[in-house]
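Enquirer: Turn this into a structure:
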Amino acid sequence: MEFEGQYLTYNEYQELGGTLDQMPFNLLEYNARKELDLNTRLRLVSETDIPQEVKMCIFELISTLTKYIQDQGFNVNYTSETIDGYSKSFATAGQIADIVRAKHVELDDIIIRDLYGVIVNNEHLIYRG
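Expert: Numbers count the residues shown, from 1 in each chain. Here you go, the predicted model:
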(Lines give C-alpha, C1' and ligand atoms only; values in the text may rest on other atoms or scores of the structure.)
Protein backbone atom coordinates (compact mmCIF):
# COMPACT_ATOMS: atom_id res chain seq x y z
CA MET A 1 0.00 0.00 0.00
CA GLU A 2 1.36 3.40 -0.98
CA PHE A 3 1.08 6.37 1.35
CA GLU A 4 1.23 9.57 -0.70
CA GLY A 5 1.29 13.18 0.37
CA GLN A 6 3.11 12.57 3.64
CA TYR A 7 4.16 15.71 5.51
CA LEU A 8 6.94 13.72 7.20
CA THR A 9 8.59 10.86 5.32
CA TYR A 10 9.80 7.69 6.98
CA ASN A 11 13.44 8.63 6.29
CA GLU A 12 12.93 12.06 7.90
CA TYR A 13 11.22 10.37 10.85
CA GLN A 14 14.21 8.06 11.33
CA GLU A 15 16.66 11.01 11.04
CA LEU A 16 14.79 12.67 13.91
CA GLY A 17 15.29 9.56 16.03
CA GLY A 18 12.01 7.76 15.36
CA THR A 19 12.07 4.04 16.08
CA LEU A 20 8.83 2.69 14.61
CA ASP A 21 8.81 0.23 11.74
CA GLN A 22 7.63 1.64 8.44
CA MET A 23 4.00 0.40 8.37
CA PRO A 24 3.09 1.58 11.89
CA PHE A 25 4.77 4.88 11.04
CA ASN A 26 2.70 5.18 7.83
CA LEU A 27 -0.56 4.58 9.71
CA LEU A 28 0.31 7.05 12.47
CA GLU A 29 1.61 9.67 10.03
CA TYR A 30 -1.64 9.40 8.08
CA ASN A 31 -3.73 9.93 11.21
CA ALA A 32 -1.50 12.78 12.43
CA ARG A 33 -1.69 14.42 8.98
CA LYS A 34 -5.49 14.21 8.94
CA GLU A 35 -5.61 15.76 12.42
CA LEU A 36 -3.31 18.53 11.19
CA ASP A 37 -5.43 19.04 8.04
CA LEU A 38 -8.51 19.59 10.22
CA ASN A 39 -6.71 22.32 12.15
CA THR A 40 -5.16 23.99 9.11
CA ARG A 41 -8.27 23.83 6.94
CA LEU A 42 -6.33 21.78 4.35
CA ARG A 43 -3.81 24.60 3.72
CA LEU A 44 -0.95 22.11 3.28
CA VAL A 45 -2.59 19.52 1.03
CA SER A 46 -1.23 20.93 -2.24
CA GLU A 47 2.11 22.11 -0.81
CA THR A 48 5.28 20.44 -2.07
CA ASP A 49 7.64 22.26 0.30
CA ILE A 50 6.48 21.35 3.83
CA PRO A 51 7.85 23.71 6.51
CA GLN A 52 10.19 22.27 9.15
CA GLU A 53 7.70 23.26 11.89
CA VAL A 54 5.08 21.00 10.30
CA LYS A 55 7.50 18.08 10.11
CA MET A 56 8.40 18.53 13.77
CA CYS A 57 4.71 18.78 14.69
CA ILE A 58 3.93 15.53 12.86
CA PHE A 59 6.87 13.86 14.64
CA GLU A 60 5.50 14.98 18.02
CA LEU A 61 1.97 13.87 17.13
CA ILE A 62 3.28 10.43 16.15
CA SER A 63 5.23 10.19 19.42
CA THR A 64 2.13 11.16 21.41
CA LEU A 65 -0.07 8.68 19.54
CA THR A 66 2.51 5.93 20.03
CA LYS A 67 2.48 6.57 23.78
CA TYR A 68 -1.32 6.35 23.88
CA ILE A 69 -1.34 3.15 21.85
CA GLN A 70 1.17 1.56 24.18
CA ASP A 71 -0.83 2.76 27.21
CA GLN A 72 -3.78 0.82 25.76
CA GLY A 73 -1.68 -2.35 25.85
CA PHE A 74 -0.83 -2.48 22.15
CA ASN A 75 2.58 -2.48 20.53
CA VAL A 76 2.84 -0.68 17.20
CA ASN A 77 5.89 -2.63 16.01
CA TYR A 78 4.39 -6.14 16.20
CA THR A 79 2.03 -7.60 13.64
CA SER A 80 1.56 -10.77 15.67
CA GLU A 81 3.58 -13.06 17.89
CA THR A 82 2.67 -16.21 19.77
CA ILE A 83 5.18 -18.27 21.74
CA ASP A 84 4.06 -21.17 23.94
CA GLY A 85 0.68 -19.64 24.67
CA TYR A 86 2.05 -16.11 25.11
CA SER A 87 0.78 -13.61 22.56
CA LYS A 88 1.46 -9.96 21.85
CA SER A 89 -1.20 -7.49 20.81
CA PHE A 90 -0.79 -4.97 18.06
CA ALA A 91 -2.60 -1.79 17.08
CA THR A 92 -4.75 -1.94 13.96
CA ALA A 93 -5.57 1.06 11.80
CA GLY A 94 -9.05 1.17 13.37
CA GLN A 95 -7.65 1.17 16.89
CA ILE A 96 -5.25 3.96 15.97
CA ALA A 97 -8.17 6.01 14.60
CA ASP A 98 -10.13 5.41 17.83
CA ILE A 99 -7.18 6.62 19.88
CA VAL A 100 -6.83 9.73 17.71
CA ARG A 101 -10.49 10.56 18.33
CA ALA A 102 -10.15 9.96 22.07
CA LYS A 103 -7.05 12.18 22.35
CA HIS A 104 -8.27 14.88 19.95
CA VAL A 105 -7.96 17.79 22.44
CA GLU A 106 -4.37 17.04 23.39
CA LEU A 107 -3.41 16.62 19.73
CA ASP A 108 -5.05 19.95 18.92
CA ASP A 109 -3.03 21.61 21.69
CA ILE A 110 0.20 20.25 20.20
CA ILE A 111 -0.75 21.52 16.74
CA ILE A 112 -1.68 24.99 17.97
CA ARG A 113 1.50 25.31 20.03
CA ASP A 114 3.84 23.99 17.31
CA LEU A 115 2.30 25.85 14.39
CA TYR A 116 1.41 29.17 16.01
CA GLY A 117 2.79 31.90 13.76
CA VAL A 118 3.78 29.60 10.88
CA ILE A 119 2.85 31.19 7.57
CA VAL A 120 2.46 29.36 4.25
CA ASN A 121 1.46 31.24 1.08
CA ASN A 122 0.99 34.44 3.10
CA GLU A 123 -1.56 32.77 5.36
CA HIS A 124 -1.26 31.56 8.96
CA LEU A 125 -1.58 27.78 9.01
CA ILE A 126 -3.88 27.66 12.00
CA TYR A 127 -5.98 30.74 11.18
CA ARG A 128 -9.60 29.87 11.92
CA GLY A 129 -11.39 33.08 11.01
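Enquirer: Skipping its backbone neighbours, what lies nearest D108 in space?
Expert: What sits nearest to D108 in space, not counting adjacent residues and going by C-beta to C-beta, 6 or more residues apart in numbering, is N39, at 6.3 Å. Backbone N, C-alpha and C define where each C-beta goes, glycine included.
Enquirer: So what does Y7 have for phi and psi?
Expert: Here is the backbone geometry of Y7 (degrees, to the nearest 10): phi -80, psi -20.
Enquirer: which ones are touching the spatially most central residue of the chain?
Expert: Most central in the chain under C-alpha atoms, centre = their mean is A32, positioned 3.0 Å from the mean C-alpha point. For A32, the contacting residues are I58, L61, I62, L65, L107, by C-beta atoms under 8 Å, 6 or more residues apart in numbering.
Enquirer: Break down this protein into its strands, ranges please.
Expert: 81-83, 86-88, 119-120, 123-124 (DSSP state E).
Enquirer: circling back: where's the residue nearest to the centre of the chain relative to N122, distance?
Expert: 25 Å (C-beta to C-beta, to the nearest Å).
Enquirer: now swap in T66 and tell me
Expert: Counting by C-beta to C-beta, the gap from T66 to N122 is 34 Å.
Enquirer: Pretty sure L8 sits against Y30.
Expert: No. With contact defined as C-beta atoms under 8 Å, L8 does not reach Y30; the gap is 10.8 Å.
Enquirer: ok, the two, which is more surrounded?
Expert: The residue with more neighbours, out of L8 and Y30, is L8; 22 against 17, by other C-beta atoms under 10 Å.
Enquirer: Once you drop chain neighbours, what's closest to I110?
Expert: Looking at I110 with C-beta to C-beta, 6+ apart, the closest residue is E60, at 5.6 Å.
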